[in-house]
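J.: compute the structure for the input listed below.
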Amino acid sequence: MTTFYFVRHGKTELNVLNSFQGGGIDSPLLAEGIEQAGQLGKYLSDVAFSAAAVSTQKRAMDTAAFVLAENAHLDGLTVRYHDGLREMGFGDKEGIVVDLENQQTQYLRTRPDLYDPTEFSGETYDELIDRIVPVINQLEAEHPNGKVLVVAHGVVLIVLINYLTGKEKQSWRENGPLENTSVTILDKEEDGYSLKVFNDISYQS
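T.: The predicted structure follows:
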């Protein structure tokens, strides 16, 4: 059984500004985000991870570094960086304030089955699934009895969690958004994925 620890990156400047922060843009972690990543690292310090898989965007890489800096079982740990774990691409909307009245923005947040980002050259939900699921499948195959840390992004992770636990496309954004530096734990069992912990920030002081 593979156990996945899915962690969203720490809070950034663009998170506070409520701007589109997708796969084509980065924003530095705030001091709060750095502090909470360190707290999460202490919370998970006794977990002996078999591997760590991290998005190639700086906010995720920095979060992973602060989390793993507190871990007591780093000997032999493999950390790999995956383009497939980058945040969903929002095309021409990257970096601008989220337009809540826009129809496609509403579909982005609540109805993935109706979302069509063609007019602003964004990424579709199907394209997102097609690039993130193979990363998870590879990790499961390589660590069938291990604990795997995955550090990525808000949309990527809530979509992935809902997809892996069997939800239909229209519900892929259900129960989101995930909190910054939250941890969600899924077990891969013979009959599929089971959710053990969801959106946990109980460690935060």
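
J.: do you know how far the nearest residue to Thr12 once chain neighbours are set aside is from Val67?
T.: Spatial nearest neighbour of Thr12, chain neighbours left out: Ser27 (4.0 Å); criterion: Cβ to Cβ, 6 or more residues apart in numbering. All C-beta spots, glycine's among them, are computed from the backbone N, C-alpha and C. The gap separating Ser27 from Val67 is 19 Å, by Cβ to Cβ, to the nearest Å.

J.: and for Tyr115?
T.: 31 Å.

J.: these two - which one has more neighbours?
T.: Higher neighbour count among Tyr115 and Val67: Val67, with 29 against 22, using other Cβ atoms under 10 Å.

J.: I'd say that one and Val150 touch.
T.: No. Assessed by Cβ atoms under 8 Å, Val67 is found out of contact with Val150, at 11.2 Å.

J.: any shared contact partners between the two?
T.: Counting by Cβ atoms under 8 Å, 6 or more residues apart in numbering, the contacts common to Val67 and Val150 are Val7.

J.: buried residues in the longest strand anywhere in the chain?
T.: Secondary structure of the chain read by DSSP state E shows that its longest strand is strand 192-200. Of all the residues in strand 192-200, those buried under the rule 16 or more other Cβ atoms under 10 Å are Tyr193, Asn199, Asp200.

J.: closest to Gly154 out of those?
T.: Asn199 (10.6 Å; Cβ to Cβ).

J.: now do the contacts for that closest one.
T.: By Cβ under 8 Å, 6+ apart, the contact list for Asn199 reads Asn175, Leu178, Glu179, Ser182, Thr184.

J.: for the closest residue to it other than its chain neighbours, give me its contacts.
T.: Spatial nearest neighbour of Asn199, excluding adjacent residues (Cβ to Cβ, 6+ apart): Ser182 at 4.7 Å. With contact set as Cβ under 8 Å, 6+ apart, Ser182 has these partners: Val7, Arg8, Asn199, Asp200, Ile201.

J.: at 6 Å what do you get?
T.: Arg8, Asn199, Asp200, Ile201 (Cβ atoms under 6 Å, 6 or more residues apart in numbering).

J.: what's around Ser202, how many residues?
T.: Ser202: 8 neighbours (other Cβ under 10 Å).

J.: check which helix or strand covers it.
T.: Using DSSP states H and E, Ser202 sits in no helix or strand.

J.: buried residues, the longest helix anywhere in the chain. List them.
T.: For the chain, the helix with the greatest residue count under DSSP state H is helix 125-142. By 16+ other Cβ under 10 Å, the buried positions in helix 125-142 come out as Tyr125, Leu128, Ile129, Arg131, Ile132, Val135, Ile136, Leu139, Glu140.
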